[in-house]
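K.L.:
Here is the input, now give the coordinates:
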Amino acid sequence: MIETKDFERISGRMPFLQDADPEFIREFQRSAFMAKIPAGRDVFLEGDRIEAIALLVSGSVRVYKIGETGREITLYRFGNGSSCILTANAILSQQTFPAIATTEEDVEAVMIPAETFRNWVKRYDTWRDFVFDLLSQRLSTVLAVVDEVVFHRMDRRVANLLLKRGGEDSLIRITHQEIASELGSSREVISRLLEDFINEGSLRSGRGVIEILDYEQLKARSLM
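P.N.:
Numbers count the residues shown, from 1 in each chain. Below is the predicted model:
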């Protein structure tokens, strides 16, 4: 059950609640419950049966796949006010979870039981619109990942990742293995590509840290 003081805080992160009708809000407060999940915890593993879906109030979750060779690739992340498309799909189709979801930060979430989730999709336009918007957004994200993997060279993908992670800060705390896991490659391949960037003067690398030295040169590589 969600207490009134918690609901006020939650609704600030989840706009769909602000315009919901009173009946749905009453059911939401009665059926949902709060959960806290520490960083580094697997929320779902591949093959898990889904008993509830998490709507994040704070923190972030990474959703990824591991191939037969042991390589990882990130499908997407979700954070405040959002949820997981694969969890929603597993609940609606009553199938098992097809990936791995792991908390990257401490997470506070609103949990909706699976049966309640399905019931609300049938009964409430507000909830149905939220779920379909979620599906649409995440589908676009996953298609972008597929496009990157199939059509873009790995050096371009590495450059894009570093530019995105760096933002305005030239110092990025990330390991070669973390880059490999993010992009679905091997650490050896990533290390060779980073060595190329270092030799051309774009980057400088230390233990668990990469520094961008030449943004323009790195941007040029990201567009090749």
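K.L.:
so how far is residue 21 from residue 50?
P.N.:
For residue 50, the distance to residue 21 (C-beta to C-beta, to the nearest Å) stands at 27 Å. All C-beta spots, glycine's among them, are computed from the backbone N, C-alpha and C.
K.L.:
err, residue 144, not the other one
P.N.:
Between residue 144 and residue 21 the distance is 35 Å, computed by C-beta to C-beta.
K.L.:
List phi and psi for the residue nearest to residue 76 when sequence neighbours are not counted.
P.N.:
Excluding the flanking residues, the one nearest residue 76 by C-beta to C-beta, 6 or more residues apart in numbering is residue 141, at 4.5 Å. Dihedral pair for residue 141: phi -60, psi -50, per degrees, to the nearest 10.
K.L.:
tell me what the helix-or-strand element of the chain with minimal mean pLDDT is packed against?
P.N.:
Least confident element among the helices and strands of the chain, by mean pLDDT, DSSP states H and E: helix 125-151 (a mean of 81). For helix 125-151, the elements it packs on are strand 72-78, helix 85-93, helix 114-123, judged by 3 or more C-beta pairs under 8 Å, 6 or more residues apart in numbering; DSSP states H and E.
K.L.:
For it, which residues meet the burial criterion?
P.N.:
Within helix 125-151, the residues scored as buried using 16 or more other C-beta atoms under 10 Å are 126-127, 130-131, 134, 138, 148.
K.L.:
For the helix or strand following that helix, name the packing helices and strands.
P.N.:
Following helix 125-151 in sequence order, the next helix or strand is helix 154-166 (DSSP states H and E). Contact analysis of helix 154-166 by 3+ C-beta pairs under 8 Å, 6+ apart lists strand 171-172, helix 176-183, helix 187-200, strand 209-212, helix 215-222 as its packing neighbours.
K.L.:
Buried residues, stretch 20-29. List them.
P.N.:
20, 24-25, 27-28.
K.L.:
For it, which outside residues touch it?
P.N.:
1-4, 7, 17, 116, 120, 124, 126-127 (C-beta atoms under 8 Å, 6 or more residues apart in numbering).
K.L.:
so how many other residues sit close to residue 192?
P.N.:
13 (other C-beta atoms under 10 Å).
K.L.:
now it: how far from residue 180?
P.N.:
11 Å.
K.L.:
so what's the residue positioned nearest the centre of the chain bridging to?
P.N.:
Per C-alpha atoms, centre = their mean, the C-alpha nearest to the average position across the chain is that of residue 77, at 0.8 Å. Beta bridges link residue 77 to residue 62, judged by DSSP bridges.
K.L.:
pretty sure it contacts residue 56?
P.N.:
No. With contact defined as C-beta atoms under 8 Å, residue 77 does not count as touching residue 56 (10.2 Å).
K.L.:
Residues contacting the helix or strand containing residue 34, please?
P.N.:
Using DSSP H and E, residue 34 maps to strand 33-37. Here strand 33-37 makes contact (C-beta under 8 Å, 6+ apart) with 1-2, 6, 43, 54, 59, 103, 106-111.
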